[in-house]
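Colleague: Prediction below, plus the sequence it came from.
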Amino acid sequence: MKESRWMELPRIVAVGGGVIQDLPEICSRLHLEGRALIITGPHTRNVMAKAIEDLLEPEGYRPEILICTASRLEEVDRAENAARESGAGFLIGAGGGRSIDIAKLASLKADLPYISIPTAASHDGICSSQASLTVNGEATSVRAQSPLAIVADSKIISQAPARLLAAGCGDIISNFTAILDWQLAHRMRDEEFSEYASALSAMTAQMITERAADIRPGLEESARIVIKALISSGVAMSIAGSSRPASGSEHKFAHAVNKIAPGRALHGELCGLGSIIMMYLHGGDWKMIQRALEKVGAPTSAAQIGLEPETVISALVRAHEIRPERYTILDSGLNQMAAARAAHWLVTPPTTLGVLRTVCSATPGSICSGLKARKKS
C-alpha cells in the first residue's frame, strides 16, 4: 500500500483588477493575527510592498518590510529570523519569484502561514509548494508549502514588462514536455504518476496555446488568462506533491544554460526554448510549441536571447547532470552529434551546419556518413 500524503491548496484565490484592496478582508477571513512580515525585493518595494503596508497598518497588523536580494538559503534564514524576532503571525511574499520563494520557505521553517502576492505573471511559483533556490551555485527545487491565499491584482500585473508575461507563458507551455517526461519516467522507472495532476497541467498548457493570439502586454484580460494558468499549474504540483507536472527535461536544459551562460535569459524563456527541442526529441508537434511562443512574444530561437549554438549544444549534453534523480528523455545522455541535430530547431540553419561540421570533424566516420545521408534525403 502507498503511504498517504497531505495535499496543500490555497484557501482563498483572488484574481482581478484592484483585488489588492481586499487584502485586509482576506486576512480577517483567514483569522490571521499578529504582525505581518512583508518579504519583497528592492524593485518591488515601492510597487507593492508599500501599498500592502498602507492597507494593513490601519487594521492593526503592524506590517514590517524585509528586502531580500537573492534566492539563497542565507536569505531564507534571514527572513525566518526576522519573523521570529518581530513576533510575526504570518508572512507575505510580494513581488517576483524570488520574494515568493523566500516567503514560502521561511514561513515553513518558522511554522507560519504565508500569502502570495505576485507583481508579474512570469512563473508558476506563485501558487506551488515548491521553491527554487541557488544551493552551492546550482538551482535547486526545494519542498516548501503552498500559500494560504493568493492575491493577484491583474491591474498591477498587466503593468509589468511585456517580457515577464511572455516568460510566464513559456513556463506554462513547457508543461507539455514535462508531462511527457513524467509519463516516460513512469514507464521506465516505475515512478508514481498522477493522472489528475497530469491532466490539470496539460489543460493549463492547452489554455495558453489556444489563447496565445489574445495574450498581449498591457491588457488586464491577458494578465488574467496567464495568472489563472499559472495558478492551475501550481495546483497541479500541489496535487502531485512535487514539481513533476511542470518540470522536466526542458527545465534541466534551462538550468544547464544558466550554469554555462548565466543571466542571458529569464527562466520561462529558457523553458519555452527547451520545450521546442524536447518535443522534437519526444517525436511530438514541436512546431505547435514554436508557434504558440511566437504569438505570445516569447523567444523561439537562441539568437533572440544572445545564446551561441555552442552553448545550446553544451547545455543539451550536460542537462542530464541536473537533478539526476529526475528521469527525463535526456537522461540516457545526448552525444554531441545528437545534441547538434536537436539544436537545429533553435539556431539559424547556416550556423547549425557550421557547428555540425565542427562536430563531425571530431566524430567517427560512420556517424558523419549517416548525417550526410540524412541531409541529402
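Modeller: Looks like it arrived, so ask away. Numbers count the residues shown, from 1 in each chain.
Colleague: Excluding sequence neighbours, find me the nearest residue to A343.
Modeller: Leaving aside its sequence neighbours, A343 sits nearest to V312 (Cβ to Cβ, 6 or more residues apart in numbering; 4.6 Å). Quick note: C-beta positions are derived from backbone N, CA and C, even for glycine.
Colleague: Sticking with that neighbour, tell me its helix or strand.
Modeller: V312 is part of helix 309-318 when elements are defined by DSSP states H and E.
Colleague: name the helices or strands packed onto the helix or strand just after that helix?
Modeller: Next helix or strand after helix 309-318 toward the C-terminus (DSSP H and E): helix 336-343. In terms of contacts (3 or more Cβ pairs under 8 Å, 6 or more residues apart in numbering; DSSP states H and E), helix 336-343 is packed against helix 267-282, helix 309-318, helix 349-360, helix 365-376.
Colleague: what angle sits between helix 336-343 and helix 309-318?
Modeller: Helix 336-343 and helix 309-318 are oriented at 120 degrees to each other (axes from the mean of the first three to the mean of the last three Cα atoms, to 10 degrees).
Colleague: Pull the distance from helix 336-343 to the chain's centre.
Modeller: 25 Å (Cα atoms, centre = their mean, to the nearest Å).
Colleague: and that helix, what's its mean pLDDT?
Modeller: Taken as a whole, helix 336-343 has an average pLDDT of 91.
Colleague: For it, C-alpha coordinates in CSV please.
Modeller: C-alpha atoms of helix 336-343 as CSV (Å, rounded to 0.1, in the frame of the first residue of the first chain):
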residue,chain,number,x,y,z
GLN,A,336,27.5,16.0,-29.4
MET,A,337,26.0,14.9,-32.7
ALA,A,338,22.5,14.2,-31.4
ALA,A,339,22.6,17.5,-29.5
ALA,A,340,23.7,19.4,-32.6
ARG,A,341,20.8,17.9,-34.6
ALA,A,342,18.3,18.8,-31.9
ALA,A,343,19.8,22.3,-31.6
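Colleague: Could you list the low-confidence segments of this structure?
Modeller: Low-confidence segments of the chain (pLDDT under 70): 1-6, 137-139, 348-377.
Colleague: which strands and helices sit next to the helix ranked longest in it?
Modeller: Longest among the helix segments of the chain by residue count, using DSSP state H, is helix 220-240. Helix 220-240 sits against strand 12-16, strand 149-153, helix 154-157, helix 162-173, helix 195-210, with contacts defined as 3+ Cβ pairs under 8 Å, 6+ apart.
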